Structure formats: C-alpha cells, structure tokens
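Undergrad: pasting a predicted model and its sequence here:
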Amino acid sequence: MEKLLDIRNLNKGFPGVQALSDIDFDLYGGEVHCLVGENGAGKSTLVEILAGNYRFDSGQLHIKADSYSYLSPSKSLTIGIETVHQEDQLVLSVTAAENIYMGHLPMNRLGLFNLRKCIKDSQVLVDSLGLHLDVSELVSELTPVERKTVCIAKALSRRVSILILDEPTATLGLDETKILLDGVRRIREQGIGIIYISHFINEVFDIADRITVFKDGKKVATHLRSRCSKEQVIGEMVGRKAGHIFIRPEHKVGEVIFQVRNFTRKGAAEDINFEVHEGEIFGIGGLIGSGRTELARLMFGIDRRDRGNIILRGKDVTPNTPIEAIRNGFGYLTEDRKETGLILGRPVKENITIAEMNIRRPVLLDLPEERNQAVKMVNSLRIMTPSLEQVVINLSGGNQQKVVLAKWMLSDVDVIIFDEPTIGIDVGAKKEIYELIDDMALKGKVIVMISSDLPELLALSDRIGIMRKGKMVKIIKGSEATEESLLKYSTGV
C-alpha cells in the first residue's frame, strides 16, 4: 500500500497549553486508521493542522512524496485532504446534489449551472456508497444518516486521497451506524486512506485496520486492530486499567414518586405510561425515530400533547411550556447540547446560572450571588475552565456537558430528563457524568435517561422502557436486560 501521510515529531502549542508533543502518525491508502483519546487529547488539533486551519510549530509533514512546512485550507484541498466534521456543514434549503458539488458546480457550455449533470453525477457518487438516496431532495427532508452521507459524498466529489471522518456516527442510531460503516468500507476499497475519529470503542474495533491512542497531546501507542483488545485501548486512553467504566453501587429503591400517564401526541407518542420509584434511574431505549426524544419534549412542555398528565408525589405537575416545566421543578439535558443546551458564545458563569437566576427567580440579577453560585458548581462538578468568564464553546465536550448539568443542579430541580447524556464525550468524562447521575438519583431526584448506548443503559438503569414506533412496547428490569433483549424489543424482531 502507498503511504499517503507521514508525520514525524509534530508539535503544536497554544498559550498555556501544549496541544501536541512529538507526534508520529502515518496513513496508508486503502486503510482505516482510527484515532482515539479523551477530549483534550489532541485529536482535533491534528485534524485542524491537516485541514490547514492551524500551523504546527515544528516537526515533519509528508504527504505522498512531498514535504510541507505548513498547510492552508486551499492547499489542503488541492492535495486531496478532505474533512467531514461531526456537525453537518450543509445548506438545508437546497438539494443534496447541489450540496455535494457546492464550490465546484458543473457548468454547461454557456457557463451556466448544469443542474441535470449535477444530479446525475451526485447520484452515481451516492450510489457508490451503497445508500438509496434521491439526491434531488432538499437536505432539510433527509434523515441524519442521509445527511451524513451527503457530507461524505461532498468530500468524495473532489479528488480526495485522505478522508478525515470526525465522529461521523455521533448522532446516528444502531441501524444508521451500520449503513454508514458499510459506506466507509466501500470508500476504503477505492484506495482512499481514512482517518476515523470516534468515542465509540465498539465501532472503532468494527471498522479499524489500525488504532492510534492519544492522551494529553502525546501518542501513547499504535496497534493493529487484530493485536489489541478494547480493554487495552480504553486503559491507554484514560491512563488506568479499564475494567468496567461504571458499575452502579447497591442501592435501595423506594415508593413510586413519579408517574407519566397516557402521554400522547399524534404522530409522535401514543399512550405512554411509566412510573419511577425513589432512588431509581428509569432508562428509555429504542432506535432513532422510535419516539424517545419526542416523548422527552412532550414531558418538558416543548411540544403540545394531545392528552396525558404527569404526577409528582401526588401532585399534577404537567407542564404546557418549558418555562412552566422549569418552575414545576423539571430539568432537561437535550441530546444536542450545542444547539439547545448551551449559549455557546456566553461565559461559563451565565450558562450555569441562567435557569435559576433568570427563570426560577425572576427578579433583579444579584451579580455577586450569581458568581458565588457559579463558583460552587464549578468546584462541585470539577468543571475544567480557566475562569468563569471563559466562553463555553472553548470547553471540551465533557466539561460542556457538566456545565449543562450544573445549570439544573443549581436550580435544585426534582425531575431531570437526560437525552443522550454522554454523546460525544470521552471515556473518562463519561464515568464522572455517570457518578453525578447516580448521586442525584440517590438524593431522591427523579431521573429519566434516554440513551442509544446500550452498555450505558444497562450500567445505569434500574428499569428500561423500550420505545418503538411511538409506543413504549416493553418495560424490563435492568438486572434482567441484555444488549440482545434490548435490540429484540427495539427492532420488533
């Protein structure tokens, strides 16, 4: 195989932080080289250097036969490096075909945009990935996996030799992930070298030819997939023996304190009924599109229900709006913290105190008290931030999730709905989030947790409700559940 990329002794620093130290990394044509590590390990910095957005301080960078002292974004594209980011960078209001060829749209002899050729060429490209997708559809009408396929096809529409996939399945369900991974294998067969970044260890071992582990800006090891174990890789990522990431300690479960009765919204959820006992974590599983998030939105008052109510310790607390939900003691950690959980351009302090200081206590803002409360939560949750004034977009994924959690803990809510609580978060940060969720349940908070991560559901949940096609088709004890049984009820097999 041809060596497409060869990096030696690469270094990159920022003020106060050495992001990469003496990094060695290489990539061959026709292989998937997975890059793993906790948030802050240096993976994103390496990607940004290859994409031409950062200049490295020292080291050697060879692409095929040529050596480069730096890359610019245009140079990176010219030499065949394409990056597909975790967040889809698409224009929703135009077709998939136009997105795929955006920036180099096909023209006719008169110099005008040739839509017919654009659609024809795009369809051929998408079909080569093994996905049935009508590229003449608007992107706004596509499913998550179809949108991700458009992003990959967009990268492949240029002459690409190195394809970087950054968390491509972070927002996908199990079936959608399988479809995407099959597409990645097809790309590998074309001789393209793929750098694949993911926090999902099972996925890494499914797709990788080689695996490189980063920790604290340094390379720990590179392994052939066939010659290492998941436990070994996790141990190298977190710097300790892996074992089980989290095992919930023995605990008592009390009386029923929370009931959801007959929750219904046509086309989203139908007659959902479940209850939560004191000290219990109630998990909700199911495939993407099964109605899990739709149910959470109904419970929090974001979407209007047709019927149903919520009882907390004998009192009807059914909210009609999110503000009413917050004032009734509800908190909601949404599945997309960047879009709906945080104000990315504002400081850590404001993101922590916004619910308690501005909604639950709608009076003149007490700035010294706001700061004191924020300091308390940063210390309590060990949020790693240079200061309370740090803009939250600059924090790692795990620390961003802690900020969202701090917001609801400060508000001392009674009911917390977690929707994908650890999505895009590294192994070490996951364990901390799990411990916080467990502690809140033991203190009498009502915890409802939605997750696509089956080991996560099994590790945390006392009982698990399985959603399929808008219905809760089964409630199973956590101690009796297995990944196989959860999949069985999720898929209807």
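TA: Ah, there it is.

Undergrad: pLDDT weak spots in the stretch 151-300 of the chain?
TA: 171, 173, 238, 240-245 (pLDDT under 70).

Undergrad: what's the helix or strand for residue 179?
TA: For residue 179, the enclosing helix or strand under DSSP states H and E is helix 174-189.

Undergrad: export that helix as CSV, just CAs?
TA: Presented in CSV, the C-alpha positions along helix 174-189 are these (Å, rounded to 0.1, in the frame of the first residue of the first chain):
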residue,chain,number,x,y,z
LEU,A,174,-27.5,1.5,15.5
ASP,A,175,-29.0,0.7,12.1
GLU,A,176,-27.9,4.0,10.7
THR,A,177,-24.4,3.5,12.0
LYS,A,178,-24.2,0.1,10.3
ILE,A,179,-25.2,1.7,7.0
LEU,A,180,-22.6,4.4,7.3
LEU,A,181,-19.8,2.0,8.3
ASP,A,182,-20.6,-0.1,5.2
GLY,A,183,-20.2,3.0,3.1
VAL,A,184,-16.8,3.7,4.8
ARG,A,185,-15.7,0.2,3.8
ARG,A,186,-16.6,0.9,0.2
ILE,A,187,-14.5,4.0,0.3
ARG,A,188,-11.5,2.1,1.7
GLU,A,189,-11.8,-0.3,-1.2
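
Undergrad: chain center to it: distance?
TA: Chain-centre distance of helix 174-189: 18 Å, with Cα atoms, centre = their mean, to the nearest Å.

Undergrad: same deal with stretch 282-297?
TA: 16 Å.

Undergrad: excluding its backbone neighbours, what's nearest residue 6?
TA: Distances taken as Cβ to Cβ, 6 or more residues apart in numbering place residue 62 nearest to residue 6, at 4.1 Å, with adjacent residues excluded. Bear in mind the C-beta positions are built from the backbone N, C-alpha and C, glycine included.

Undergrad: stretch 88-99: which residues count as buried?
TA: 88, 90, 95, 96, 97, 98, 99 (16 or more other Cβ atoms under 10 Å).

Undergrad: what about the last one, which SS state?
TA: To tie it back to what came earlier, the one meant is residue 99. When classified by DSSP: H, G, I helix; E, B strand; the rest coil, residue 99 comes out as helix.

Undergrad: for residue 139, see how far away it is.
TA: Applying Cβ to Cβ, to the nearest Å, the value for residue 99 to residue 139 is 6 Å.

Undergrad: picking up where we left off before, max pairwise distance over the buried residues of stretch 88-99: which two?
TA: The most widely separated members of the buried residues of stretch 88-99 are 88 and 97, with 15.8 Å between them, by Cβ to Cβ.

Undergrad: what about residue 274, which helix or strand?
TA: strand 269-277.

Undergrad: about what we covered before: ok, residues contacting the helix holding residue 179?
TA: Outside helix 174-189, the residues that touch it by Cβ atoms under 8 Å, 6 or more residues apart in numbering are 30-32, 128-131, 143-145, 148-149, 152, 156, 163, 165, 168-169, 172, 194, 196, 203, 206-207, 287-288, 452, 487, 490.

Undergrad: hmm, which of the residues you listed are the buried ones?
TA: Using 16+ other Cβ under 10 Å as the burial test, the contacts of helix 174-189 include 30-32, 129, 131, 144-145, 148-149, 152, 156, 163, 165, 168-169, 172, 194, 196, 203, 206-207, 287-288, 452, 490 as buried.
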